[in-house]
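Student: have a look at this prediction, sequence included:
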Amino acid sequence: MPQRPGIHIDHKVLPSRPGGVVRCDVAGLIAPIFPDRWPTDASRGDFVEIQLRRFAELLDHPFLPLFDAISVASVQAYFANGGEEMHLFGVCLKGPEDLQEGPLAEPLGALLPLQDRLMAEEDIALLACPWAASLPAIRLPGGQLQGGADVLYDALLDHCRRVVNRFLVMDAPAHFHGEALHSWVTRFRDQSVENRAFGAVYYPWLRQGRVGLLPPSGGILGAYARSDREHAPFGVGWSPANINLVGYTAPEVDLDWFEAGELAKAAVNPLVIQPGRGMVIFGARTLSREAQWEFINSRRIVSMISEQLRRDNEWAVFEENGPRVWKALERDVRHRLNLLWRQGVLTGESEEDEYQVWCDAQTNTKTDRDAGTLNVKVRLRPISTTEHITLDLRLGER
């Protein structure tokens, strides 16, 4: 049959542009498994992973006996406070010393396999290790106290910094109150300052039924997730404060408003009893001393945008690093920023009013191209910040 005359259309396959929004409400909770509970043939550093959508799934799971009471109660608190999806990780450890060895800012050997797994699970945006806050304090020369989990917290904060769209919810060390708590947080904030914006500390511990005193991070994770969904699609722009916590009977320490205010100034987020409302999260501060990262929502919204742009533009990694790809990348990044502006995430009275994008020979030098990296520079001001922030989007490495 002869072909009909007309216009011939040559369909070209274009790079895939992911249209989904990065999730920020999925939590990861890390728990220890000591030798008397190790699965058969397990070794130090091995881990188990359970993906949960409700607490009852853990109660029915054959791995339940592997986990300590604090971690199980923290999972329960997560779902009670509005969490909907959690990855529970149990790591085989010989003892608490596995979480305390090595210099600060160095990954802990027993956690390396788990960190590899966490790097591959992109949707986990919230992280906590409630049990670690119960580790005994270490007295340093000069009489200062170091929290038993400080080395672990530092390694996890550095992990969050490398992943970018991940935030660590920390518990104040057990039995740290008053001057000891202030001294600890002041000292901890001044170490490894480059990663301190990726975590926040909560105090005091809370009472929960038969468990007794419980680190609050499990419930805090749930409150974060609930707030993110209630203010969808970009709940990270909202401050995770003035939020009720449920499932707890009383705080270990009943803070008055003056004490709560002093703690918030010191970057410890207080949990207070408010008449008529019950337990309330009063603060929303990171551990950072940099003004632009002082508040949790500032750090998380910038992290979300960075991750969104990275995922959107992974298609360019294997393309020729030259002007054609630079132009396409600049166009695609602008398109995503325009969408974010329309959804109220970026400031400005009109599109592109307060954000700029560069992807050219200046952002991609010969050295960069020879190294296999492709760079996009973005300058923007999210709604939660008071100043412009520059993002350096680097494709080709993580």
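Tutor: Now that the structure is in, tell me what you want to look at. Residues are numbered from 1 along each chain as shown.

Student: helices of the stretch 101-250 of the chain, start to end?
Tutor: Read by DSSP state H, counting those that start in this stretch, the stretch 101-250 of the chain holds these helices, from start to end of the chain: 112-120, 150-163, 178-189, 217-230.

Student: of all these, which lies closest to residue 141?
Tutor: helix 178-189 (13.0 Å; CB to CB). C-beta: built from backbone N, CA, C; applies to glycine.

Student: may I have the closest one as CSV, with CA atoms only?
Tutor: This file holds the C-alpha atoms of helix 178-189, laid out as CSV (Å, rounded to 0.1, in the frame of the first residue of the first chain):
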residue,chain,number,x,y,z
GLY,A,178,21.4,22.3,84.1
GLU,A,179,25.1,23.4,83.8
ALA,A,180,26.2,20.0,82.6
LEU,A,181,23.8,20.1,79.7
HIS,A,182,24.8,23.7,78.7
SER,A,183,28.5,22.8,79.0
TRP,A,184,28.0,19.7,76.9
VAL,A,185,26.1,21.4,74.0
THR,A,186,28.5,24.4,73.9
ARG,A,187,31.5,22.1,73.5
PHE,A,188,29.7,19.8,71.0
ARG,A,189,28.6,22.7,68.8
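
Student: quick one: buried residues of that helix?
Tutor: Of all the residues in helix 178-189, those buried under the rule 16 or more other CB atoms under 10 Å are 180, 181, 182, 184, 185, 188, 189.

Student: residue 258: which of these is nearest?
Tutor: Scanning the buried residues of helix 178-189 for proximity to residue 258, where the rule is CB to CB, the winner is residue 182, at 14.1 Å.

Student: longest helix anywhere in this structure?
Tutor: Scanning the chain for the longest helix, with DSSP state H as the assignment, gives helix 323-342.

Student: packing partners for it?
Tutor: Counting contacts by 3 or more CB pairs under 8 Å, 6 or more residues apart in numbering; DSSP states H and E, the secondary-structure elements packed against helix 323-342 are helix 296-312, strand 356-358, strand 374-380.

Student: tell me the average confidence for it?
Tutor: In this model, helix 323-342 has a mean pLDDT of 94.

Student: list of residues touching that helix?
Tutor: The contact list for helix 323-342, computed with CB atoms under 8 Å, 6 or more residues apart in numbering, reads 15, 17, 234, 305, 308-309, 312-313, 316, 319, 346, 348, 351-352, 355, 357-361, 364, 374, 376, 378, 380, 393.

Student: can you flag the buried ones in the residues you listed?
Tutor: Here the buried ones among these, as counted with 16+ other CB under 10 Å, turn out to be 234, 305, 308-309, 312-313, 316, 346, 355, 357, 359, 364, 374, 376, 378, 380, 393.

Student: give me the domain ranges for this protein.
Tutor: Domain assignment for the chain by automatic domain parsing gives 26-230+241-283, 316-395.

Student: for residue 291, find the nearest of these.
Tutor: Using CB to CB as the criterion, the shortest distance between residue 291 and the domains of the chain is 7.9 Å, found for domain 316-395.

Student: coming back round to it: want to throw the buried residues of helix 178-189 into JSON lines with distance to residue 293 and pLDDT?
Tutor: Rendered in JSON lines, the data for these read as follows (distance: CB to CB, whole Å; pLDDT from 0 to 100):
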{"residue": "180", "distance to residue 293": "26", "pLDDT": "94"}
{"residue": "181", "distance to residue 293": "22", "pLDDT": "96"}
{"residue": "182", "distance to residue 293": "21", "pLDDT": "96"}
{"residue": "184", "distance to residue 293": "20", "pLDDT": "96"}
{"residue": "185", "distance to residue 293": "16", "pLDDT": "97"}
{"residue": "188", "distance to residue 293": "16", "pLDDT": "96"}
{"residue": "189", "distance to residue 293": "12", "pLDDT": "97"}
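
Student: closest one to residue 148 out of those residues, please.
Tutor: Taking CB to CB as the measure, residue 184 is the one of the buried residues of helix 178-189 closest to residue 148, at 10.9 Å.

Student: can I assume residue 166 is in contact with residue 300?
Tutor: No: between residue 166 and residue 300 there is no contact, the gap being 9.6 Å when judged by CB atoms under 8 Å.

Student: higher neighbour count, those two?
Tutor: Taking residue 166 and residue 300 together and counting by other CB atoms under 10 Å, residue 300 has the greater number of neighbours (31 against 26).

Student: that one touches residue 169, doesn't it?
Tutor: No: applying CB under 8 Å, one finds residue 300 not in contact with residue 169, separated by 11.4 Å.

Student: please enumerate the strands of the stretch 51-200 of the chain.
Tutor: Per DSSP state E, counting those that start in this stretch, the stretch 51-200 of the chain has strands spanning 86-92, 124-128, 138-139, 145-146, 167-171, 199-203. These are given in chain order.

Student: who touches the longest one?
Tutor: Under the criterion CB under 8 Å, 6+ apart, residues 26-33, 35, 38-39, 42-52, 58, 63, 66-67, 71, 75, 78-79, 110-111, 114, 117-118, 121, 124, 221 lie in contact with strand 86-92.
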